[in-house]
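Q: give me a model of this one.
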Amino acid sequence: MQFLVARSQTGQPVGLVTCFAADLRSGVASLAAHIGPEFIGAGLIGDALALFIEYVLGLWNFRILYAEVPEYNYSQLASGAGTLFSEEARVPERYWHRGRLWDNVILAVRREHWQTIAPRLLRAVRGHEGAADS
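A: Numbering: from 1, shown residues only. Just a heads-up that it's a prediction; the model follows:
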């Protein structure tokens, strides 16, 4: 399943969020997000991911949602480490980028943890709706 992320006021496409590789028997799936470079840092994809995670966990009985992030992009998400997600593992030297090797960072959002943070987080996200458009 995937959704286009768009600005709430203008409908301008911003990025894409997707849930894939669902293993219903084990209760796990993977998440991915892509944002256009001109929108990095605007908070739009973070808000969209929070809404998407809530939707996915409400629709299916997944225990864990995984995401993989090249280490060179991890700094864009690092503020959520330990609060929104946990770092599950690193695959050393997985990616070659800009003259060096980088790790692949595997992140997890666990249902139990999400249920404790979602009410506060979603209130904040819903309070932002349209804020990045102004």
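Q: any idea how far the most centrally placed residue in the chain is from Val28?
A: By Cα atoms, centre = their mean, the chain has its centre lying nearest to Leu49, at 4.6 Å. When distance is defined by Cβ to Cβ, to the nearest Å, Leu49 is 17 Å away from Val28. Every C-beta, even on glycine, is put in place using the N, C-alpha and C of the backbone.
Q: Ala21 now?
A: In terms of Cβ to Cβ, Ala21 sits 8 Å off from Val28.
Q: okay, the two: which has more neighbours?
A: Residue environment comparison for Ala21 versus Val28 gives the larger neighbour count to Val28, 15 against 11, counting by other Cβ atoms under 10 Å.
Q: which residue, other than its chain neighbours, is closest to Ile35?
A: The spatial neighbour of Ile35 that comes closest, neighbours along the chain excluded (Cβ to Cβ, 6 or more residues apart in numbering), is Gly15 at 3.7 Å.
Q: next one: Ser86
A: Counting by Cβ to Cβ, 6+ apart, the nearest residue to Ser86 once its immediate chain neighbours are dropped is Ala108, at 5.2 Å.
Q: tell me the pLDDT of Asn61.
A: What the model reports as pLDDT for Asn61 is 96.
Q: ok so, going back, let me see the contact set for the residue nearest to the centre of the chain.
A: Under the criterion of Cβ atoms under 8 Å, 6 or more residues apart in numbering, the contact partners of Leu49 comprise Val17, Leu31, Ala33.
Q: one more time with 6 Å, if that's ok
A: Taking Cβ atoms under 6 Å, 6 or more residues apart in numbering, we find Leu49 in contact with Val17, Ala33.
Q: can you classify it as helix, strand or coil?
A: The three-state assignment at Leu49 reads helix, by DSSP: H, G, I helix; E, B strand; the rest coil.
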